[in-house]
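Q: Here's a sequence, model it:
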Amino acid sequence: MLVNLKEILQIAEARKIAIGSFNTPNLESVLAVIGAAEELDVPVIIMHAEVHEEICPMNIIGKVMIQCAKDAKVPVCVHLDHGEHLDYINRALEIGFTSVMYDGSALSYEENVANTCIAVSLARKKGASVEAEIGTLGKRELGYQTENGSSEDEPKQVYTNPYDAERFVKETGIDALACSFGTAHGLYLTKPRLDMNVLDEIKKRVNVPLVMHGGSGVNEEDYRTVISKGIRKINYYTYMAKAGGENIEQHFKVSSFPVKKDGKEYSVYYTVVEKGKEKPIYYHDIVNWGIKAMKENVLKALNVFSGKC
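A: Below is the predicted model:
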């Protein structure tokens, strides 16, 4: 059942839960996420991020996402995540996305407002919803880290100013606000420290649903706390994708031994198969290993977000 962001967040507010919002840059992740949502009978959001264009172009994966959402047994919103260019946002709306996020958080406040208003105008013509961001989470969805853990060419994290958030929502007319209060995109190198006071102050001043980005990697206690404080959409990707990759990896390595080469230490992984019992590995096997692990990871997240556990 295809719905827009405003509609699905109304469900979240009525139930006092958060909707899981998952980046799905390929068919395998779309199947894993919607499959998990249907198994739990909970609404869900599937997203395509502009930075994932290199993984699969929006004009291909977007149409797949929309059809799968229409065929789903639960409410599904198809959302553009971190759209940084208005022409890309317009393309998503033309394809049929029911929600878009304009991310002008790296711009000046005035530029962010002006461009967000344009995004809202474009979306309203299509009956779509708009999420926008004020404050900066630092690493984006594909932030490449250096050896010391920093991310090159990425803005530093800046917490959302509650007073600016209030102005921003009033001036733009958005349907949901992504705010920065301690989470970050990508893998956490240390335990995230969420500033609940910032979240409380934003909630007092803003009358639209709040969104937490960088949701994967946050512990269950913090999930429950932020949901109780008004977070209604939680973006989640990295640890889902990591779970799929790790499950595939485990099928190819049973043990390892150390080697040294050119003064560096390496581990050589290998699989032991009895002679005469070797079996071919087909691509669909690899795909199914990934889908299974991603679905299990999503199930765990959705159970917490929806208050089922």
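Q: Can you list the low-confidence ranges for the stretch 101-250 of the chain?
A: Scanning the stretch 101-250 of the chain for pLDDT under 70 picks out the ranges 136-157, 184-192.
Q: Could you pull out the strands in it for me?
A: 129-134, 176-179, 210-212, 231-236 (DSSP state E, counting those that start in this stretch).
Q: Make TSV out of the ones you listed and add mean neighbour count.
A: C-betas here are computed from N, CA, C, even on glycine. Shown next, in TSV, are the strands of the stretch 101-250 of the chain (neighbours: other CB atoms under 10 Å):
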stretch	mean neighbour count
strand 129-134	27
strand 176-179	24
strand 210-212	25
strand 231-236	26
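Q: mind listing the helices in the stretch 1-150 of the chain by residue range?
A: 5-15, 27-40, 58-71, 86-95, 109-124 (DSSP state H, counting those that start in this stretch).
Q: no wait, the stretch 151-300 of the chain
A: 162-172, 196-205, 220-228, 238-250, 283-305.
Q: residues touching Y163, list them.
A: Taking CB atoms under 8 Å, 6 or more residues apart in numbering, we find Y163 in contact with R205.
Q: Tell me how far it lies from K229.
A: Distance of Y163 to K229, computed by CB to CB, to the nearest Å: 18 Å.
Q: Could you do K6 as well?
A: 21 Å.
Q: Pick out whichever of the two has more residues nearby.
A: Neighbour count, other CB atoms under 10 Å: between K6 and K229, K6 has more, with 19 against 15.
Q: Report the contact partners of that one.
A: By CB under 8 Å, 6+ apart, the residues touching K6 are S99, S129, D175, A176.
Q: so what's the closest residue to the first one other than its chain neighbours scoring on pLDDT?
A: Nearest-residue entry for S99: L5, 3.6 Å, with adjacent residues in sequence omitted and distances by CB to CB, 6 or more residues apart in numbering. pLDDT for L5: 98.
Q: what's the burial count for L5?
A: Neighbour tally, L5, other CB under 10 Å: 29.
Q: out of the helices of the stretch 151-300 of the chain, nearest to A36?
A: helix 283-305 (4.0 Å; CB to CB).
Q: Let me see the contact set for L210.
A: A176, L177, A178, C179, L199, I202, K203, G230, I231, R232, K233.
Q: sorry, back to before: next one: the residue nearest to S99 from L299, what distance?
A: From L5 to L299 the distance is 23 Å (CB to CB).
Q: G263 too?
A: Distance of G263 to L299, computed by CB to CB: 45 Å.
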